[in-house]
Each structure stands twice: as structure tokens, then as C-alpha cells.
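Visitor: Got a predicted model here, sequence first, then my questions.
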Amino acid sequence: MPAPQNVKQPTDHAVKAEAKSDFVEFDHDGHHYTIDRANADNLELMEFVEDAQYIKAIRGYVGLDQWAKFKDAHRDEAGRVTTATFESFLQAVMDAIGGGSGNSSGSASS
């Protein structure tokens, strides 16, 4: 028996929204980075940020391979990565995961 016309149809049969990717992706200084979404929502890593242990936090967010990629791509003539360069990357990571001053929705560019 069909439902009367004045009865609302259930909405739980609607097409589900597309699932989020397992990764947060962003570009910084011409390089592409991915952060495992589980890392982006990791209280231990957030505590490093809260405790001003930024390098430890960033290594946790992006992983050791991408951390090395970042450093190698940003070394100056003397082989050093400057604090200003790191701070820019830190801001890009925090924006990408939604914790920076820009509070991005998961995609940052620099």
C-alpha cells in the first residue's frame, strides 16, 4: 500500500556524501605533501604543538620521508634549513590540518 501524499518520505535512503580521503594533502613551495588523516587528529601530536615541540610534531604529522624531503628541498648554500623556512612549513601543515591561523579545510598552498 503506497504512503499517503502528506507523509514525508524518509531521507535515510538518500545517496551518502562522498567519503573523505584518508589523507590531507597540501602544496608548499612547489612540493606536494600528504598527511595521514589519523595523524591529523592525533592528540599526542597536538600535545607536541601545545608544548612548543614543533619539529617533533611536524615529523609526526608528515612522517620521516616527507620531513627529509622538505629539508633537502629547502637547504641553503651552506646546507642549512633556516628557521623562517621551517616556520613557513609549520604554518602550511597547521593550516592543512585545520589548526593554523588560516584554519583551512584541508588544502593549503604556499
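Guide: Yes, it's here.

Visitor: For the rest of this, base every contact and every neighbour count on C-alpha atoms.
Guide: Will do.

Visitor: can you pull out the helices in this structure?
Guide: Assigned by DSSP state H, the chain shows helices spanning 37-40, 43-50, 54-73, 83-97.

Visitor: closest one to residue 31 among the ones you listed?
Guide: helix 54-73 (8.2 Å; C-alpha to C-alpha).

Visitor: hmm, back to that, export the helices of the chain to CSV and tack on mean pLDDT, mean neighbour count and distance to residue 31?
Guide: As requested, those are exported to CSV (pLDDT from 0 to 100; neighbours: other C-alpha atoms under 10 Å; distance: least, C-alpha to C-alpha, whole Å):
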stretch, mean pLDDT, mean neighbour count, distance to residue 31
helix 37-40, 90, 17, 19
helix 43-50, 94, 15, 23
helix 54-73, 97, 16, 8
helix 83-97, 96, 18, 11
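
Visitor: Pipe the ones you listed into JSON lines and attach distance to residue 25 per row.
Guide: Formatted as JSON lines, those follow (distance: least, C-alpha to C-alpha, whole Å):
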{"stretch": "helix 37-40", "distance to residue 25": "9"}
{"stretch": "helix 43-50", "distance to residue 25": "18"}
{"stretch": "helix 54-73", "distance to residue 25": "10"}
{"stretch": "helix 83-97", "distance to residue 25": "7"}
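
Visitor: All set, thanks.
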